[in-house]
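Student: Structure of the sequence below:
(2 chains)
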Amino acid sequence: MEKIARRFPQVFVAIYTGSLGEVANIRQFGFWLLNRSAFEDVPLQKPNEAGILLTIDPESKAAGMVFGYLLDPFLEEADTFECLSRAHAYWLEGRYADGILRVLAHLDGILCKRSRQARKDPEYFERKVLPPAQVGDLLRRIREGHRASPQDETTGVAP
Amino acid sequence: MRFILAVALSVPSLGFAAALEEPAFPAWKAGELSELESTGWVAGSVLLTNEPIPDEFGRPKTETFQIEQPKPEEVAQDLAVSPEIAEEFLPAYFAERPKSFLIDPQGLLSSSDYRDRLSFLNYHASDSSIDLFVYVIGGDQEIPSAVREEETIERFFSEGRPAAIVFYYLGAPQRSAVYLSPSITDAVSAAEQRRALESSVMQAFEKTRAPEQIEKFLVQMSIRIYWMERMLAGDSTAKNTLPTVAPRVATNRRPSVDPVKVQRLLELARELAIPAGVLFASVTIALAFSAWLRSRTRYFFPEFEVEARLGGAYAAGVGAVISFASAAVPPASQRDQVPDYLRRA
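Tutor: Okay, the predicted model is just below:
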């Protein structure tokens, strides 16, 4: 976890292990925890939106991974699923620590790759998070760019 | 009737007599030879003439070789085919444990051969746990009866490293004998010792010159000692795979070592050691530096405005869930994750 925090200065990883109790849905629990909790050992300049939370429930034998808005353009559900899959064999045998290490190793690789991709082509990731309205604006701006300006039209009509 | 029988018997006898009669040589007809000679050349004139062949003029009909008869003292020397080793050399042979692996006080080997063979034996000793001592004796010489080989070997080779001792008769490898030091006599059977000797002798006989014979002999003996070593080490497979009288197979298993080649390789290795070391060190340093740089690399993500969803201020709960309750449900079957609220009731 420290290694990831060092290599990715904007990001931190948190792990919750324990029974979820009455909260039946581990996905909802992860969502609630990352939005509501305050992580004591995380520097203040790293908000929760830069967090990646791994939740493991040994009772219900389930694990989930959620991440904040900072990584929203760069990570997909399939990526987190791949990370969790790496630990499946270990967690089946109750070797939670080994499984977590596998998850973090794979996560490290994915984050490296995405960071390099984002450096090369940031627009690709930006487009993924643009709200629909802004997408419309963008299209409108593109169309406007192709259309002749009113000044040009005037000069064209009046020779 | 009697007349008819006589005629019948006489006709074949007349034909037989005619068959025995040799046909006459062809002869020139009158004037034919002089006519041909006028043309300048007569084919077969050398053969079809009664004169002797020109090359044979003046050659003596038979030559008698004058062979010197052996002298009486030479005949007497031949009878004494196995002289004993001169007494002056006996101390050098049998007075003490040899200090060199090659014992040749009579100087039967030339200095270069002696040097090469000794070099090979030294190399063998450095590579093997069983030393190889070679006593070089003349091919027609005998060890004096006063010297008992077994006793000598027991006296000199009971202590120290295990050794194989060969009495090699130069030019007569078939007379050679091999003995093992007492410490390994029990471990290596007499049959195996005999086989080692036989195959070495066979190898020696592939050459005709005595120095080459001893070279081949020693190389093969060194190979067989390698197998003896394996026996000593308790390798049971050695006995099974040991070639009986198949020296070529054994040679393939362990190629003969040419000390000159080894020396050349060592020199080459010495020459290349420093550049190779420098190269290895620079590659290692480069790899270490690269790894250090990679570990120091920091990765950043561009920060975009992301619209908050589901009322979450920091995260929208996007992420996967996996169940590890049963090995029967592998991750592959959990890949398609559809939220509950999207499933049909």
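Student: Can you tell me the element B:D113 falls in?
Tutor: Here B:D113, judged by DSSP states H and E, is contained in helix B:111-127.
Student: avg pLDDT for that helix?
Tutor: Mean pLDDT, computed over helix B:111-127, is 90.
Student: Give me the distance between it and the centre of its chain.
Tutor: Counting by CA atoms, centre = their mean, to the nearest Å, helix B:111-127 is centred 17 Å from the centre of its parent chain.
Student: Quick check: neighbours of the helix or strand that it is followed by in the sheet, parallel or antiparallel?
Tutor: Toward the C-terminal end, the helix or strand that comes next after helix B:111-127 (DSSP H and E) is strand B:131-138. According to DSSP bridges, strand B:131-138 has the following sheet partners: strand B:102-103 (parallel), strand B:163-170 (parallel).
Student: got the CA positions of the longest one in CSV?
Tutor: Spelled out, it's strand B:163-170. Taking C-alpha atoms only, strand B:163-170 is exported to CSV below (Å, rounded to 0.1, in the frame of the first residue of the first chain):
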residue,chain,number,x,y,z
ALA,B,163,46.0,-44.4,-7.0
ALA,B,164,46.1,-46.7,-10.0
ILE,B,165,49.6,-47.9,-10.8
VAL,B,166,50.4,-49.0,-14.3
PHE,B,167,53.6,-50.9,-15.4
TYR,B,168,53.7,-49.9,-19.0
TYR,B,169,56.0,-51.8,-21.4
LEU,B,170,57.0,-49.3,-24.1
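Student: Where is the longest helix in chain A?
Tutor: helix A:96-120 (DSSP state H).
Student: do that helix and chain B meet at all?
Tutor: Yes - Helix A:96-120 is in contact with chain B by CB under 8 Å from any CB of the partner chain, via A:L111, A:C112, A:R114, A:S115, A:R116, A:A118, A:R119. The way it works is simple: take the backbone N, C-alpha and C, and place the C-beta from them, glycine included.
Student: need the residues you listed in JSON lines with neighbour count, can you?
Tutor: Shown next, in JSON lines, are the residues of helix A:96-120 next to chain B (neighbours: other CB atoms under 10 Å in any protein chain shown):
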{"residue": "A:L111", "neighbour count": "22"}
{"residue": "A:C112", "neighbour count": "15"}
{"residue": "A:R114", "neighbour count": "19"}
{"residue": "A:S115", "neighbour count": "20"}
{"residue": "A:R116", "neighbour count": "11"}
{"residue": "A:A118", "neighbour count": "20"}
{"residue": "A:R119", "neighbour count": "12"}
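Student: Same list (those residues) but as CSV, adding pLDDT.
Tutor: Shown next, in CSV, are those (pLDDT from 0 to 100):
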residue, pLDDT
A:L111, 92
A:C112, 91
A:R114, 90
A:S115, 91
A:R116, 90
A:A118, 88
A:R119, 87
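Student: List just the nearest of the residues you listed to B:L170.
Tutor: The nearest member of these to B:L170, counting by CB to CB, is A:C112 at 75.2 Å.
Student: Could you pull up the residues touching the closest one?
Tutor: Residues in contact with A:C112 (CB atoms under 8 Å, 6 or more residues apart in numbering or on different chains) are A:R7, B:Y299.
Student: What of the one 3 residues further on?
Tutor: The contact partners of A:S115, by CB under 8 Å, 6+ apart, come to A:F8, A:F74, B:Y299, B:F300, B:F301.
Student: separation between it and B:E192?
Tutor: A:S115 sits 70 Å away from B:E192, taking CB to CB, to the nearest Å as the criterion.
Student: Chain neighbours aside, what residue packs nearest to B:P98?
Tutor: In space, and not counting its chain neighbours, B:P98 is closest to B:F133: 5.8 Å by CB to CB, 6 or more residues apart in numbering or on different chains.
Student: Test of understanding: give the bridge partners of that neighbour.
Tutor: B:I165.
Student: quick one, what contacts it?
Tutor: Going by CB under 8 Å, 6+ apart, B:F133 touches B:P98, B:F101, B:L102, B:I103, B:L121, B:F157, B:A163, B:A164, B:I165, B:V166.
Student: Please tell me how far it sits from chain A.
Tutor: Applying CB to the nearest CB, to the nearest Å, the value for B:F133 to chain A is 61 Å.
Student: what residues are up against A:Q117?
Tutor: The neighbours of A:Q117, taking CB under 8 Å, 6+ apart as the test, are A:Y124, A:F125.
Student: go again using 10 Å as the cut-off
Tutor: Going by CB atoms under 10 Å, 6 or more residues apart in numbering or on different chains, A:Q117 touches A:F74, A:Y124, A:F125.
Student: How about B:S128?
Tutor: Contacts here follow CB under 10 Å, 6+ apart; on that basis B:S128 touches B:R161, B:P162, B:A164, B:S222, B:I225, B:Y226, B:M228, B:E229.
Student: So which residues of chain A form helices?
Tutor: Using DSSP H, helices in chain A cover A:2-7, A:26-36, A:77-92, A:96-120, A:122-129, A:132-146, A:150-157.
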